[in-house]
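Visitor: sequence and computational prediction follow.
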Amino acid sequence: MLPRFELSQPQTLPEALKALAGGVGQPLAGGTNLFPDLRGGREKGDTFISLSQVGELRYIEHTDNRVTLGSGATISDILRDPQMKIAAPALVAASDIFAGAMVRNAATIGGNVCCGSPSADSVPPLLTLGADVTLASASGERTLPLDEFYLDYKKTVMKPDELLASISWTPPTPGSAHLFYKLSRRKGDAITITGISVLVEAEGGKCKTVRIALGSVAPTIFRAHEAEGMLAGRVLTSELIEEAAQSAAGQCKPISDNRASAEYRLLTAHSLTRRLLRQAWKQAS
Amino acid sequence: MNQVDTSPNAIPNVNLRQVGKNKPRNDSPTKVYGKAIYAGDLIMDDMLFAKVLHSDRACADIKSIDVSVAKTLPGVHSVLTADDLPATNAVMTDMPGQVGGGTKNTKQPILAKERVRFYGEPIALVAAESYELAQRALDLIVVDYEDTEGVYDAFDAQKPDAPIVYGNDNIVAAYKVRKGDIEKGFQEADFVLENTYSSQYQEQAFLEPEAAVAWVDEHDILNIRSSTQVVEHFRAVADALGMPHNKVHLQAPYVGGGFGGKEVMTIEVWLALLAMDAQRPVKLKQTRENSFISHGPRHPFTITHKTGVTKDGKITAAKITLTSDAGAYAKLSPYILLYATVGATGPYRVDNLWIDSTSAATNNLPTCAYRGFGTMQATTACEAQMEELSKLIGLDSLEFRRKNFIQTGDPNATGQIIRSAVWSDQCATKAREALGDKPKSTEHTVYGHGLACYQQSYGRIRWMKDTSESWVGLEMDGTLIVRCAVTDIGAGQMSALAQIAGEVLGVPMEEITVYFGDGHVNPLAGTSTASRALYMTGKATELAAKNVRNNLFECMAEYFDVRPEELDLGDSKVFVQDNPERCMSVKDMAKHCAAQGVHRHSLEIYRAPPSEGLDPETGQGEVFPDFTYGAHAATVAVDTDTGEVTVIKSVGAHDVGQSINRQAVEGQIEGSALMGQGFALSEELILEKGVLKNGSFSEYLIPTSEDVPEIESIILESRSGLGPFGSKGIGEPVFSPVAASIVNAVADAIGTRIHHLPLTPEKVLTAINEEKTKEAAE
Ligand SMILES: Cc1cc2nc3c(=O)[nH]c(=O)nc-3n(C[C@H](O)[C@H](O)[C@H](O)COP(=O)(O)OP(=O)(O)OC[C@H]3O[C@@H](n4cnc5c(N)ncnc54)[C@H](O)[C@@H]3O)c2cc1C
């Protein structure tokens, strides 16, 4: 059963930040993580600050060379935005196979990023976009790379009085490929076993930019910087891709659970990184 | 796509006006508009809400249960433990319904007393002013457990030093079949192949978790309105409480799915106890999590096939052992084992046969009825073996099956002669044709085709002497009423009766009122289980409607001055067949016949064919009224990097005898395609030392809308069944071969077989990689 809890419903961002400043309440967005966790006894909090009435947080903005997602934008909002297919192809792909329609309508991007789950599907595509996160508190704002946001399993750099205000990135150049693969035990509404995103930008027959992010294979979703370093500036041959995929897999620290064993996660992190790099290279060059 | 068989041996199409037509079901509007009332929807004045304390361990002694604090919580009206129950503390878990005997009288404690034997065993019941209060009371109950050594494997349970869960030796049931001479049979074989196949727990996952409301009325009758497949549970409730049967009234409104999970009693007796104790109405709706432990899931089976075949594909002998895990209580395990035993050889004729089957008790979840009822698990193993045999001798797998299919007039495993049509070949041929060509492999995708056939009974075990009754009456204004206490569990049981009565009496089904699901107002019809509801209640309704028709025709023949055989009924008219101008509306006919004192109602009973049981030494005898035959075929894609399986096309082709409602038949085939897909690929209850680890829908994965392949239903009609208009049962049959076809398709795609279900991506990838290693070594 859902336990009892206190809920405040600020109407504006300053009100929300003020409520958070007390240090007792926790943000509640779509509740699609929080409520199942509360009901299952995994979440013990009893004071929540609902962000659902804070209109300032729910927007998608495309400016000259920057895309900004308010943290209150839902997964469905992402799917409904026609420009997103170009601004973040892999994020659209991830949104498309995210949960089911009902959950997509409620689930926010902010909740997905902030829950810190290793299987959060929007995070690998955002990491490969090189996205920044902007955190807000009553005392101001700070912006940092998403890559520096996660500390450990369900731990982020966010302070108790902060919330995630927005996520922004520079859209990939027209010639680049931005891919996502969600491996799970069924096609719809399943928790990711291995989630990989890759971005490759080619120029002059060489790989100009490459980013690789791996989900569900370590306590946090992470960028495979070493593998990226092996590929940047080079022609991506099969051998090179294989080496990079091996390196990425080498960084994984997977666990075994009801969904899959650690060995399987490792194997597929390797083969899917290889597959996506090959596809992306082909598509980009 | 619908198809009526046009092959030479098909019985020509009969002149049916409604039956077999594509008509919407009578229950559709109320369900589509959200008006249908389910058991949990009922609200009564002064109603209390119940919660159940389920054991959180699988095997422990109960040192003490302290309910003193829980009882003092304001708003809590009843807290019951085993100490508060009748001393017998037992509820029947045996074959329910209108069976007349031949059962085993299996029972289970209502609440655990000194010991819990499985995870989820009920320990205490609470009724309070709200669910929240009831939950708080549960939280205040202190159970002092002492864990004891349990047994969690059906083979371990049979070892001499195993902890005893059931009886003296943990054996819940055992059967043997001895037929022909297997030594000789194996000698005649060119090849002998032995394989072991095993399958997992499957959860029914019905849409509506267990729900019921119970109250004692002004006549001291205990009323229960419950989501059940069986209104005849009123007897078991009465027996458990030491009450006369006629003081318990159980009704089932529309039921949100059962699949066998609501065959044996679930929550009714708990509510009865609370309502009697509190003397107020009490409601209980299980949460999804608790639903997982409130009924028995599908039995895991381990099945070993040793089969002899000649090089041209004739099966010469089979030696088969089957072992099922019954869990902590017997429930229906003995019968499910019997179904598996009869189904072990599938739709194939095996003259030299040796079968040993055993169901053993463990401290796992008690397993119980689930669509397919053992036959499905047996089919899954048998069809895997058939595929492997055809591969071994290098024969096309359908060609191989053709050489061994049972034909009408042949004996099956228990020597029962099959009397109805056996269209295994026609169905398999059509199903496979419908798959078309296999797509070509690509970089990391391989494709496979799979086929599976089956023999699945419909109707209950014959020595249980099953009956069903139905009442049909023509009102003064010419409208029709059917009264039949069949439970409508979502498959269109109620609507089918309207269609049948309407066919016989010439009135459109939409205009007929059917009263169902209440055995104290309507004639008892038995369970909606065992693919018997349509067969038995439909037959009783057909018979009753024909009686009414005969009575009416006798009167109307006089009126038209013809013989009764010259009359017919259709389009709400009675008419002379040779001269349809001579007619009268059903409305006027009703008035006319009423004036003549014609008996316009009839109560009929249909009795399934009885038998006297099996010879215990040879396992020979007549077990079931009849069988349904058919096939399922599937195309799958397998990702060789990840082992993910995608079902692309799923085709069911079945001889349903006669479809009563085509849409309902298609519904069964389509639903089966997904349920079987879940079993083949993703569904599995995970137990660790008896403790359920994935009892929620985020971890227990039934197929979603995203997983739905292209599904094709091919309906063949031999009109040879025992049901109304020659129909056969289809609820379980159409499901039985699905998983096997998908498993065979995966084996075809990856060139190797996985012997333990489900085929998770991980298992598939492991098999692919092992096969690669093997090939590299060769
Ligand atoms: C049936 C089902 C299927 C699902 N399928 C998927 C799936 O396929 N892929 C996937 O990735 N996830 C899935 N989820 C998980 C969940 O839907 C997502 O993680 C979702 O994005 C969470 O967003 P929310 O708005 O519901 O967050 P909430 O549940 O409201 O919050 C989640 C956490 O984030 C914090 N939080 C929320 N917003 C902010 C903010 N702006 N600033 C700071 N902290 C914040 C909350 O305090 C909380 O700790 C599924 C969940 C369900 C119930």
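Guide: That came through, no problem.

Visitor: so which strand or helix has the residue of the stretch 451-600 of chain B found nearest the ligand?
Guide: Of all residues in the stretch 451-600 of chain B, B:Gly490 sits closest to the ligand, at 23.5 Å by C-beta to the nearest ligand atom. Where C-beta positions appear, they are placed from N, C-alpha and C, glycine not excepted. Using DSSP states H and E, B:Gly490 sits within no helix or strand.

Visitor: need phi/psi at it.
Guide: Main-chain torsions, B:Gly490, degrees, to the nearest 10: phi 110, psi -10.

Visitor: SS state for whichever residue of the stretch 151-285 of chain A sits closest to chain B?
Guide: Of all residues in the stretch 151-285 of chain A, A:Gly188 sits closest to chain B, at 2.9 Å by C-beta to the nearest C-beta. With DSSP: H, G, I helix; E, B strand; the rest coil as the basis, A:Gly188 sits in coil.

Visitor: what sits closest to it if chain neighbours are left out?
Guide: B:Glu706 (2.9 Å; C-beta to C-beta, 6 or more residues apart in numbering or on different chains).

Visitor: quick one, what contacts that neighbour?
Guide: Residues near B:Glu706 by C-beta atoms under 8 Å, 6 or more residues apart in numbering or on different chains: A:Ile97, A:Gly100, A:Arg186, A:Lys187, A:Gly188, A:Asp189.

Visitor: of these, select the buried ones using a PyMOL command.
Guide: Here is the PyMOL command that picks out the buried ones among the contacts of B:Glu706, judged by 16 or more other C-beta atoms under 10 Å in any protein chain shown:
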select buried, chain A and resi 97+186+187+188+189
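
Visitor: ok, and which of the contacts of B:Glu706 reach the ligand?
Guide: Restricting the contacts of B:Glu706 to those within reach of the ligand (C-beta under 6 Å from any ligand atom) leaves A:Asp189.

Visitor: surely B:Leu664 is within a helix?
Guide: Heads up, residue B:664 is Ala, not Leu. Yes - judged by three-state DSSP, B:Ala664 forms part of a helix.

Visitor: what's the spacing between the residue nearest to it when sequence neighbours are not counted and B:Phe301?
Guide: Nearest non-adjacent residue to B:Ala664, counting by C-beta to C-beta, 6+ apart: B:Gly492, 4.0 Å away. Separation of B:Gly492 from B:Phe301 (C-beta to C-beta, to the nearest Å): 30 Å.

Visitor: okay, strands next: where are they in the stretch 51-200 of chain A?
Guide: A:60-63, A:66-70, A:132-137, A:140-145, A:150-152, A:155-156, A:163-169, A:177-183, A:194-203 (DSSP state E, counting those that start in this stretch).

Visitor: secondary structure class for the one residue in the stretch 551-700 of chain B that gets nearest to chain A?
Guide: Proximity of the stretch 551-700 of chain B to chain A (C-beta to the nearest C-beta) peaks at B:Asp641, 4.1 Å away. Per three-state DSSP, the secondary structure class of B:Asp641 is coil.

Visitor: can you list the domain ranges for chain A.
Guide: Under the assignment automatic domain parsing, the domains of chain A span A:6-117+A:131-169, A:177-284.

Visitor: OK, contacts around residue 77?
Guide: I went with chain A, as the question did not name one. A:Asp77 makes contact with A:Arg58, A:Ile60, according to C-beta under 8 Å, 6+ apart.

Visitor: try chain B instead
Guide: If a contact means C-beta under 8 Å, 6+ apart, then B:His77 has B:Leu48, B:Ala127, B:Ala128, B:Glu129, B:Asp277, B:Ala278, B:Arg280 as its contacts.
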